[in-house]
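Asks: Here is the input, now give the coordinates:
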Amino acid sequence: MRKTRMLGVTAVAMVTGAIGALGVAAPASAANGKCSSSELCVYRNFDRHKSQGYFDLSSPDSNFANGNNNWYNAGGNLNDDISSYTAGTGTSCKGYSLFADKDMHGSKFDIPKGWGGNLLGAYANYNDDFSSYSKYGC
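Replies: Numbers count the residues shown, from 1 in each chain. The predicted structure is shown next:
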């Protein structure tokens, strides 16, 4: 009986180790309104005013219109409504990508980590035009 119990414990330990080795991902971290150093923080209006609406993007999001991305400090969601950004530096990736269409398709705007600014001038075509997000160079 003791030998059977030891084999069961060993089998469970081996399965647990195999799952870890396969790289089964932990649940993605959700937006929490903190704009940490490993996130892309996006703003509803120009000049990055949190009081007028902001959102912190950490995990890839294939559809901003899915109801999970409501602005902090403002109504509505961020789909097709981003005007400025701050890219965190605390990521091992090279930067962040915003896409014009859902499912990471369409025109892409790459933001290197550490950058921040408005979607004006040469980037004016991107103002209020993003529908999905991921990181790049990871």
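Asks: confidence score at the closest residue in space to residue 96 that isn't next to it in sequence?
Replies: Spatial nearest neighbour of residue 96, excluding adjacent residues (C-beta to C-beta, 6 or more residues apart in numbering): residue 40 at 4.1 Å. Every C-beta, even on glycine, is put in place using the N, C-alpha and C of the backbone. At residue 40, the pLDDT value in this model is 97.
Asks: for the one 3 residues further on, same thing?
Replies: The model reports residue 43 with a pLDDT of 98.
Asks: How about residue 75?
Replies: Residue 75 carries a pLDDT score of 88 in this model.
Asks: What is the neighbour count of it?
Replies: Applying other C-beta atoms under 10 Å, we find 8 residues neighbouring residue 75.
Asks: quick one, phi psi at it?
Replies: Here is the backbone geometry of residue 75 (degrees, to the nearest 10): phi -80, psi 170.
Asks: next one: the one 10 residues further on
Replies: Its backbone dihedrals place residue 85 at phi -160, psi 160, with angles given as degrees, to the nearest 10.
Asks: that older thread, may I have the phi/psi pair for the residue nearest to residue 96?
Replies: Dihedral pair for residue 40: phi -100, psi 120, per degrees, to the nearest 10.
Asks: show me the contacts for it.
Replies: Going by C-beta atoms under 8 Å, 6 or more residues apart in numbering, residue 40 touches 56, 57, 85, 86, 87, 88, 96, 98, 111, 133.
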